[in-house]
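Participant: Sequence and computational prediction follow.
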Amino acid sequence: MPTITTETFGNVLVAHTPDDLTEETAEAFQNALRENLDAGQVRIVLQMDRTDSYDSVGLTSLLDLQDEVRRMGGQVKVSGLVDPGVKIFELARLDRKFDIFESVIDAVGSFQ
């Protein structure tokens, strides 16, 4: 099981995504964020600088997370995306569904 680390800056949760966002890790990733969502934490930045492997289940988990957070009145933003993630986000058109920032500082700041 991957370890999903999170940290909070003000009222923004930063979650570091696993090296592989795939069928094997997607459920653990979502579960790691569940208690934050249950606690009302709906301003989320996904720090994706270490993630270099994706599959359809992993990408769907991102969209499911975003849908749930939006229903709760929040927003999910992405930072630190590196290849091949940049290309995958473009091909899957996720770059149109998420606000993407180069740095976690810029992403957190965008909530202010």
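Facilitator: Here it is on my side, so go on. Numbering: from 1, shown residues only.

Participant: number of nearby residues for Leu63?
Facilitator: The criterion is other Cβ atoms under 10 Å. On that basis, Leu63 has 14 neighbouring residues. For the C-beta atoms, the positions are set from N, CA and C on the backbone; glycine is no exception.

Participant: Give me the residue ranges of the chain where confidence is low.
Facilitator: Residues of the chain meeting the criterion pLDDT under 70: 1.

Participant: Could you find the closest non-adjacent residue to the spatially most central residue of it?
Facilitator: Centrality entry for the chain: nearest residue to the mean C-alpha point is Leu46, 3.2 Å, by Cα atoms, centre = their mean. Closest residue to Leu46 in three dimensions, ignoring its sequence neighbours and counting by Cβ to Cβ, 6 or more residues apart in numbering: Val78, at 5.1 Å.

Participant: Just the element for the one you found, please.
Facilitator: Here Val78 is covered by strand 75-79, with elements defined by DSSP states H and E.

Participant: Now do the buried residues in that strand.
Facilitator: Of the residues in strand 75-79, those buried under the neighbour-count criterion (16 or more other Cβ atoms under 10 Å) are Gln75, Val76, Lys77, Val78, Ser79.
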